[in-house]
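# Need a 3D model of the sequence below.
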Amino acid sequence: MIERMVHERDYSDETAKVIDDEVEAVLENTYATLSDLRAKRERDETMTEQERKELSDMRDEVERIHGNAQRLAELIVPVESI
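As a prediction, this is how the structure comes out:
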């Protein structure tokens, strides 16, 4: 029963691949941007307004993703106890 619930989905393998690719792209972009900003900070350079906005947008996106993942994890716990 649990295995069926975990593996059932209402989208195709192709859609799953698109989702995986988009998530990977977001993670890579976030890592690259944070690395660039860290290097800038180490050079004692000031962030531009655009960089501050980009950082704020990334923070919001990460918080949204984390919140969704946490809610999904909370749904899994009752299912695991069946």
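# hey, let's count contacts and neighbours off CA atoms from now on
OK.
# In this structure, what residue spans correspond to helices?
With DSSP state H as the criterion, the chain has helices at 2-7, 13-42, 49-80.
# Including mean neighbour count and mean pLDDT, could these go into a markdown table?
Formatted as a markdown table, the entries for the helices of the chain read as follows, by neighbours: other Cα atoms under 10 Å; pLDDT from 0 to 100:
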| stretch | mean neighbour count | mean pLDDT |
| --- | --- | --- |
| helix 2-7 | 9 | 48 |
| helix 13-42 | 12 | 88 |
| helix 49-80 | 12 | 83 |
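# ok, now which ones touch residue 41?
Neighbour list for residue 41: empty [criterion: Cα atoms under 8 Å, 6 or more residues apart in numbering].
# ok, so what distance separates it from residue 47?
Separation of residue 41 from residue 47 (Cα to Cα, to the nearest Å): 8 Å.
# Residue 61 too?
For residue 61, the distance to residue 47 under the criterion Cα to Cα works out to 20 Å.
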